[in-house]
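**Student:** sharing a sequence plus its predicted fold:
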Amino acid sequence: MRNVINISLPQELTKVVKREVKTGNYASVSEFFRYLLRNHRLAEELNKAKRDFEIGKGKVLRSLKDLR
């Protein structure tokens with residue numbers, strides 16, 4: 001199920017979004033924003049993993065068997 005969310009952007013950001021869609025990088029404005037949201041979530045997950053690793057909670061993989 002999809003929901004509609006309306007947002008208001010400054011003119012300059014609107015131009016950026018429209019340019020990205022027009023160049024074919026994204027099929028639609030909605031796809032552009034979905035891409036941004038997915039990448040933001042991934043970046044948060046990577047930052048958390050980095051912080052965990054830095055405080056000793058990470059796991060060093062020495063081989064593919066370590067993935068189990």
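**Tutor:** Noted; the coordinates are in hand.

**Student:** show me where the chain has helices.
**Tutor:** Remark: helices assigned in the chain by DSSP state H are 11-22, 29-54.

**Student:** so which of those is nearest Asn3?
**Tutor:** helix 29-54 (11.2 Å; CB to CB). Just so you know, the C-beta spots here come from the backbone N, C-alpha and C atoms, and that holds for glycine as well.

**Student:** quick one: buried residues of that closest one?
**Tutor:** Buried residues in helix 29-54, counted by 16 or more other CB atoms under 10 Å: Phe32.

**Student:** state the mean pLDDT of that helix.
**Tutor:** Across helix 29-54, the average pLDDT comes to 93.

**Student:** quick check: angle from it to helix 11-22?
**Tutor:** On the basis of axes from the mean of the first three to the mean of the last three CA atoms, to 10 degrees, helix 29-54 is oriented at 100 degrees to helix 11-22.

**Student:** mind putting the helices of the chain in TSV, distance to Arg68 included?
**Tutor:** Output for the helices of the chain, formatted as TSV (distance: least, CB to CB, whole Å):
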stretch	distance to Arg68
helix 11-22	40
helix 29-54	18
